[in-house]
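[1] Quick one: sequence plus predicted model below, questions after.
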Amino acid sequence: MANKIATLERIPVGPIHIEGMLECPANAYGIVLFAHGSGSSRHSKRNTYVARVLQNIGIGTLLMDLLTPEEEADYAARFDIPLLTHRLLAATNWIKTDQRTKHLPIGYFGASTGAAAALQAAAGFGEEIGAVVSRGGRPDMAGISALENVKSPTLLLVGGWDDEVITLNREAYEHLRCIKELVIIPGATHLFTEPGTLEEVARQAAAWFERCLKPENAAQ
């Protein structure tokens, strides 16, 4: 991969297409697919910021809209975890077959309900997914069966002031049988809008993906 990739892609999923911004630095050593939360999109400033941090350390990113505009208008669809998972599985298969990215280890970054879809997809792919990071996620919505079948090293990041989500993450964490960490970000609410908290999320995520996706680290 001699040159940086930065292209808007239309990924086929049955009769529809989902849009995704694919960006890979030269000589990328991994790629992370972003599963956005309810009411968010590939234009999310928070996830775009995290993606830039990952790109700066040599990781490609795919920021996607897992729902069509029409589906996004349906509030219930935002919480349809099987549907979100199906779309993420399709995007992953596309990444695995595209000539530009098929050689890259894959990770998932899930936010809110997107974290549940990321964990369900990771359970489906097994060891093919190198790492999962959840930001303010709802891993509990993945279901106990999926959580117990995740093989990918999983990092759960939760805001210190997000009491209900902390409880839900702790419950989900107990069902994970993979390499795992649960990190509480002090002074952060659900959306990590407080000064320095999103930067800490990005730092933690970058370290986790580098540890798990970089070939010389993953081999250890």
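    Perfect, thanks for sending it. On a predicted model such as this, the values are computed, not experimentally measured, just so you know.
[2] How many residues are close by residue 120?
    Burial of residue 120, expressed as a neighbour count using other CB atoms under 10 Å, amounts to 28. Quick note: C-beta positions are derived from backbone N, CA and C, even for glycine.
[3] Repeat that for residue 179.
    One way to gauge burial is a neighbour count; for residue 179, by other CB under 10 Å, it gives 14.
[4] Against residue 98, how distant is it?
    When CB to CB, to the nearest Å is applied, the distance between residue 179 and residue 98 equals 28 Å.
[5] what's the answer for residue 178, then?
    The value you get for residue 178 to residue 98, if CB to CB is used, is 27 Å.
[6] three-state assignment of residue 8?
    Here residue 8 is recorded as strand under DSSP: H, G, I helix; E, B strand; the rest coil.
[7] for the nearest residue to it once chain neighbours are set aside, helix, strand, or coil?
    In space, not counting the residues next to it along the chain, residue 8 is nearest to residue 21; the distance is 5.7 Å by CB to CB, 6 or more residues apart in numbering. Under three-state DSSP, the three-state class of residue 21 is strand.
[8] what about dumping the CA coordinates of stretch 21-41 to CSV?
    Extracted in CSV, the C-alpha atoms of stretch 21-41 (Å, rounded to 0.1, in the frame of the first residue of the first chain):
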residue,chain,number,x,y,z
MET,A,21,-15.3,6.3,4.5
LEU,A,22,-12.2,4.1,4.1
GLU,A,23,-8.9,5.7,5.2
CYS,A,24,-5.7,3.8,5.4
PRO,A,25,-2.2,5.3,5.9
ALA,A,26,0.7,4.0,3.8
ASN,A,27,1.9,0.7,5.2
ALA,A,28,-1.0,0.3,7.6
TYR,A,29,-0.7,-2.8,9.9
GLY,A,30,-4.3,-3.1,10.7
ILE,A,31,-7.8,-1.7,10.1
VAL,A,32,-10.6,-0.9,12.5
LEU,A,33,-14.3,-0.9,11.5
PHE,A,34,-16.4,1.6,13.5
ALA,A,35,-19.9,0.6,14.5
HIS,A,36,-21.8,3.7,15.5
GLY,A,37,-24.3,4.0,18.3
SER,A,38,-28.0,4.9,18.2
GLY,A,39,-28.6,8.2,16.5
SER,A,40,-25.0,8.6,15.3
SER,A,41,-23.4,8.3,11.9
